[in-house]
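1. Give me the fold of what follows.
(one chain, ligands or ions: 1)
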Amino acid sequence: MTRVVELRSDTFTLPTDEMRQAMTAAQLGDDVWDEDPTVHSLQRRAAEIVGKDASLFVPSGTMGNLCALLAHTQPGDEVLVEAESHIFVSEVAGAAVVGGLQLRPLSTTDGRIKPDQVRTAVREPDIHEPRGALLCLENTHNRQGGICISASATRELAGVAHAAGMKVHLDGARIFNSAVAQKVDVKELTGPVDSVMFCLSKGLSAPVGSMLAGSAAFVEQARRRRKMLGGGMRQAGVLAAAGLVALDRMVERLAEDHANARRLGEGLQGIAGIEVDLSRIESNMVFGDCQPPLTAREFIEGCKREGVLLDQASPKRWRMVTHRGVSAAEVDYAIEAVRRLMGVKPREDLRATA
Ligand code: TLP
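-> Numbers count the residues shown, from 1 in each chain. Below you'll find the predicted structure:
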């Protein structure tokens, strides 16, 4: 079997032909000297799209989040994060190691922090306590299923944090998935926060890079942190050129990925041995649980033998992510592969396309 359906992550998307052409033609300079015209164009465009004064091109989402945390805080400060957030779970404790920050996880059932959780976590000035400096949100929320945080929830949470003297950073790695899924202008989701990071290299299909946007003063601070972390890139315009195409051409098509995720979830639902919660599918992710004794590792290995690649989220939980590199026919193929693996008869309606 030669077919491979890549559902591990939308980070596997390859650049489009138009991106490759733009990369070849890009005008370049030394961006550490702030002299790369293509990086300048990307930074202006990104800031404009999310409604901020300025933005900074960074090599990865992880570095973008870390630059934001460092720019908003002092060592010893406390940062509120959702307990399953990427910053808390998957960024190698960079905030603690590099920033000397205390991350305080707020547990939720669905990634949606409640305003009262923030109110309860607010620190009063006290000689014993760290300064409560920052609230981080994640939209879409990855490990909670790719769920979307609404504009009204974002406004309310930011209002509570700001009233307590805290700043708000949004990990918007997939903020355009959220905007497209909710059919709102992305500014509705980014307007209430002080800074937002979003990725060009996930569903938007650019090969490398993320943007960090905020006030001009914030971005100036973030630029120094980026340099300290080794993220100053020289002729980065060659990458920024692909980022510009990503922003101008790739946002609306994310709706196809969302439709495919739903198709995938519906096709997998009801297969004995695995459980998929359809109510959680709001963007381009499908999470499922294996029923014991089947483990996620065994399920993933079995799918791999069938030519379907997926990611592990916990000992019993797995994740499939749809993106530009996965067509509806490949989604159907993946459904059939899982049915085969789990010993379920093929679905007649999928035979034609798979
Ligand atoms: N997420 C990756 C992996 O790290 C898990 C993925 O495949 O989903 N914030 C969020 C919400 C993310 O999902 C990611 C990447 C990041 C930040 C970090 O971005 P990169 O990978 O560019 O450092």
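
2. so which helix or strand takes in E91?
-> Using DSSP states H and E, E91 sits within no helix or strand.

3. Contacts only, for it.
-> T62, N65, L66 (Cβ atoms under 8 Å, 6 or more residues apart in numbering). Yep, even glycine has a C-beta here, placed from its N, CA and C like the rest.

4. if I look at it, how far off is the ligand?
-> Distance, E91 to the ligand, using Cβ to the nearest ligand atom, to the nearest Å: 7 Å.

5. Give the helix, strand or coil label for the residue lying closest to E84 once chain neighbours are set aside.
-> Spatial nearest neighbour of E84, chain neighbours left out: R143 (4.2 Å); criterion: Cβ to Cβ, 6 or more residues apart in numbering. Following DSSP: H, G, I helix; E, B strand; the rest coil, we place R143 in the coil state.

6. so what's the residue of the chain found nearest the ligand scoring on pLDDT?
-> The chain approaches the ligand most closely through G61 (2.5 Å), counting by Cβ to the nearest ligand atom. pLDDT for G61: 98.

7. List the contacts of the most centrally placed residue in the chain.
-> By Cα atoms, centre = their mean, the mean C-alpha position of the chain lies nearest to A173, the distance being 3.0 Å. Taking Cβ under 8 Å, 6+ apart, we find A173 in contact with G61, H86, E138, N142, M197, F198, C199, K202, S210.

8. Quickly find the element holding it.
-> Per DSSP H and E: A173 is located in neither a helix nor a strand.

9. give me the element the closest residue to L204 other than its chain neighbours is part of.
-> Spatial nearest neighbour of L204, excluding adjacent residues (Cβ to Cβ, 6+ apart): A246 at 3.9 Å. In the assignment (DSSP H and E), A246 maps to helix 237-249.

10. Repeat that for L103.
-> strand 102-106.

11. Next SSE downstream of that strand?
-> Reading on from strand 102-106 to the C-terminus, the next helix or strand found by DSSP H and E is helix 115-121.

12. Contacts made by that following helix with the rest, please.
-> With contact meaning Cβ under 8 Å, 6+ apart, helix 115-121 is reached by L80, R104, L106, T108, G132, L135, E156, L157, G159, V160, A161, A164.

13. Quick one: mean pLDDT for stretch 22-31?
-> The model assigns stretch 22-31 a mean pLDDT of 98.

14. That stretch: how far from the chain's middle?
-> Remark: stretch 22-31 is offset 26 Å from the chain centroid, using Cα atoms, centre = their mean, to the nearest Å.
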